[in-house]
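Chemist: How does the following fold in three dimensions:
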Amino acid sequence: MSKPLHLILLIVLLATVPFLILRSELPVVAVDRSPVVDRFFDLLRQGKFEAATQIFAFPMKQALSAEQLQAVWENLIREEGPLQQVNVVRREPMAGNEAVLVTLEFRKGSRNVRIILDPQQQIAGLFFTESLAYQPPSYVRMDSLTEQAIQVGSGKLALPATLTLPKGDGPFPVIVLVHGSGPQDRDETIGPNKPFRDLALGLASQGIAVLRYDKRTRIHPQSFTSQFTIQDETVEDAIAAVTLLRRTPRINGKKIFVLGHSLGGMMIPRIGSLDPKIAGLVILAGPTRPFEDLFLDQVLYLAKLDGTVSPEEAQLQDEIKQQVRLIKSPRLSQSLPTALILGAPASYWLDLRRYKPAEVAARLQQPLLILQGERDYQVTLTDFQGWQKALADKPRVTLKRYPGLNHLFIQGEGLSRPEEYQIPGHVDQSVIEDIATWIKAK
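Modeler: Sure, this is the predicted structure:
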């Protein structure tokens with residue numbers, strides 16, 4: 001069974017964990033052309049899909065066949081009409097690779113694309129934006145809330161953000177949303193799904209303000225040099241958002257909460273320890289195991305879904321296992337090249353190595369709500385049990401699991417697969433209500 005296009009999100013670029021790209025909105029400006037990108041789209045326009053895949057890096061070839069590329073491209077042509085122009089909008093370095101941001105002009109409309117080029121100028125990632133318009137879930141009451149644009153942080157690392165407020169004078173309790181891995185937008189968009197927008201609109205409908213912002217790796221990728229840490233990627237901006245809210249009108253500065261999803265959930269205990277005045281903390285699908293183990297388990301899980309493992313896939317798994325062993329090895333040092341350690345510098349992995357989220361959580365004094373979908377294959381019940389074990393005797397901690405929910409806390413059935421992330425859905429209403437009830441009780 002061949003792998004669909006979106007598996008590239010989980011297989012090909014998981015090797016650059018901090019820079020997993022989901023989508024981009026791009027202005028059209030003049031930028032130096034990329035010969036590789038120009039050739040790739042020329043081949044697609046001519047219907048030479050086999051030749052186009054010869055530009056792919058090895059893992060990309062395993063994830064996306066010529067037949068699959070043809071199906072994706074022909075579906076795009078059916079929706080948008082013939083391709084008329086390719087505009088290269090921006091080129092930017094990305095952890096040893098290069099991201100080329102492109103707008104494709106079709107007869108009926110345009111699509112934005114990110115192409116990741118490896119150091120050998122081969123295509124290591126290909127991402128089209130989704131075409132489905134977002135529709136608020138049924139539990140949202142749009143007439144009961146307002147949204148305003150604000151900015152998290154200041155200076156060259158400032159981040160665009162949205163503050164969603166219930167209507168009225170307040171002051172309102174507020175919760176900050178902290179993303180998972182990759183250069184996420186403020187909605188944590190994946191395919192047609194926007195779980196952070198669901199949370200923002202749903203919680204504001206329940207009388208709770210929500211602050212969400214675009215991630216630093218998305219807005220300022222150039223700030224990530226050869227040495228950076230999880231502190232740079234995730235923690236600093238979450239703390240800056242809390243600081244901003246303490247001086248924001250209509251916000252109750254004594255009732256500021258922080259919610260982290262996936263990697264963001266993993267970092268919630270560190271965020272809480274750095275600001276003890278945070279009123280409470282929420283973890284959605286937060287890992288307790290080492291992040292590199294989580295990554296490897298995902299790759300093995302996806303391979304098993306196909307039923308068989310090809311020699312090429314087995315080789316890729318062996319390469320990943322070698323890099324995981326290096327991350328755990330005493331030999332890991334900041335002098336090692338980025339390409340040897342899953343695309344992130346040693347400083348990143350050394351920072352995570354020293355961090356034990358469940359142990360830090362056990363020392364916190366703030367109330368803690370931990371939620372887990374039982375159909376989640378990315379962060380599993382093994383991680384949830386890690387929280388349970390560390391926090392079993394803590395009355396300030398509430399833990400809850402949801403039988404039918406996946407990693408995005410969207411309802412589904414059977415084994416969770418990456419394909420379902422491309423099906424429009426919404427964060428389950430029970431999750432919204434449980435978070436709102438918990439916050440109001442504090």
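Chemist: C-alpha from now on. contacts and neighbour counts both.
Modeler: Will do.
Chemist: quick one: low-confidence ranges for this structure?
Modeler: For the chain, the stretches with pLDDT under 70 are 1-31, 94-95, 129-133, 337-340.
Chemist: Report the separation between the two terminal residues of stretch 42-62.
Modeler: One end of stretch 42-62 to the other measures 22 Å (CA to CA, to the nearest Å).
Chemist: Kindly report the same for stretch 119-126.
Modeler: 16 Å.
Chemist: Could you give me the buried positions within it?
Modeler: For stretch 119-126, a neighbour-count test (16 or more other CA atoms under 10 Å) marks 121-126 as buried.
Chemist: Repeat that for stretch 357-376.
Modeler: For stretch 357-376, burial by neighbour count (16+ other CA under 10 Å) applies to 357-358, 360-362, 364-376.
Chemist: Could you give the separation between the terminal residues of it?
Modeler: 19 Å.
Chemist: likewise stretch 421-434?
Modeler: The first and final residues of stretch 421-434 sit 23 Å from each other (CA to CA).
Chemist: Ok, stretch 326-334 next?
Modeler: One end of stretch 326-334 sits 12 Å from the other (CA to CA).
Chemist: Now do it: distance to the chain's middle.
Modeler: Chain-centre distance of stretch 326-334: 26 Å, with CA atoms, centre = their mean, to the nearest Å.
Chemist: Pull out the buried residues from that stretch.
Modeler: The neighbour-count check on stretch 326-334 (16+ other CA under 10 Å) flags 326-327, 332 as buried.
Chemist: Next, format the residues you listed as a markdown table and append secondary structure and distance to residue 191.
Modeler: Shown next, in a markdown table, are the buried residues of stretch 326-334 (DSSP: H, G, I helix; E, B strand; the rest coil; distance: CA to CA, whole Å):
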| residue | secondary structure | distance to residue 191 |
| --- | --- | --- |
| 326 | helix | 33 |
| 327 | helix | 31 |
| 332 | coil | 35 |
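Chemist: now these in JSON lines, with distance to residue 106?
Modeler: Shown next, in JSON lines, are the buried residues of stretch 326-334 (distance: CA to CA, whole Å):
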{"residue": "326", "distance to residue 106": "46"}
{"residue": "327", "distance to residue 106": "45"}
{"residue": "332", "distance to residue 106": "48"}
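Chemist: just those now: which is nearest residue 81?
Modeler: residue 327 (46.8 Å; CA to CA).
Chemist: can you give me the helices for the stretch 101-250 of the chain?
Modeler: Using DSSP state H, counting those that start in this stretch, the helices of the stretch 101-250 of the chain run over 195-204, 216-219, 230, 236-245.
Chemist: between those helices, which gets nearest to residue 387?
Modeler: helix 230 (20.5 Å).
Chemist: could you list every residue that touches the nearest residue to residue 38 once chain neighbours are set aside?
Modeler: Closest residue to residue 38 apart from its sequence neighbours, by CA to CA, 6 or more residues apart in numbering: residue 86 at 7.7 Å. Shown in contact with residue 86 (CA atoms under 8 Å, 6 or more residues apart in numbering): 38, 41, 102-105.
Chemist: State the distance from residue 148 to residue 211.
Modeler: Distance of residue 148 to residue 211, computed by CA to CA: 10 Å.
Chemist: One more: residue 314?
Modeler: Taken as CA to CA, the span from residue 314 to residue 211 is 43 Å.
Chemist: Settle it for me: which of these two has more neighbours?
Modeler: Neighbour count, other CA atoms under 10 Å: between residue 314 and residue 211, residue 211 has more, with 26 against 14.
Chemist: who touches the more buried one in this structure?
Modeler: By CA under 8 Å, 6+ apart, the neighbours of residue 211 are 161-164, 174-177, 200, 241.
Chemist: What residues are bridge-paired with it?
Modeler: Residue 211 forms beta bridges with residue 163, residue 176, as assigned by DSSP bridges.
Chemist: Tell me the spacing between it and residue 186.
Modeler: Separation of residue 211 from residue 186 (CA to CA): 9 Å.
Chemist: ditto for residue 383
Modeler: Remark: distance between residue 383 and residue 186 (CA to CA) = 25 Å.
Chemist: number of nearby residues for the closest residue to residue 328 other than its chain neighbours?
Modeler: Leaving aside its chain neighbours, residue 328 sits nearest to residue 353 (8.0 Å; criterion: CA to CA, 6+ apart). Neighbour count of residue 353, defined by other CA under 10 Å: 14.
Chemist: Isn't residue 353 up against residue 288?
Modeler: No: under the criterion of CA atoms under 8 Å, residue 353 makes no contact with residue 288, lying 11.9 Å away.
Chemist: residue boundaries of the strands in the stretch 1-150 of the chain?
Modeler: Counting by DSSP state E, counting those that start in this stretch, the stretch 1-150 of the chain has strands at residues 83-94, 97-106, 110-117, 123-128, 145-152.
Chemist: Between helix 195-204 and the last one, find me the angle.
Modeler: Put plainly, it is strand 145-152. Interaxial angle of strand 145-152 relative to helix 195-204 (axes from the mean of the first three to the mean of the last three CA atoms, to 10 degrees): 130 degrees.
Chemist: so what strands line up beside strand 145-152?
Modeler: By DSSP bridges, strand 145-152 pairs with strand 159-166 (antiparallel).
Chemist: Tell me the bridge partners for residue 83.
Modeler: Note on residue 83: beta-bridge partners residue 106, judged by DSSP bridges.
Chemist: which residues touch it?
Modeler: Each residue near residue 83 by CA under 8 Å, 6+ apart is listed here: 45, 77, 104-107.
Chemist: Which of these sits closest to residue 292?
Modeler: If you rank these by distance to residue 292 using CA to CA, residue 104 comes first, at 35.5 Å.
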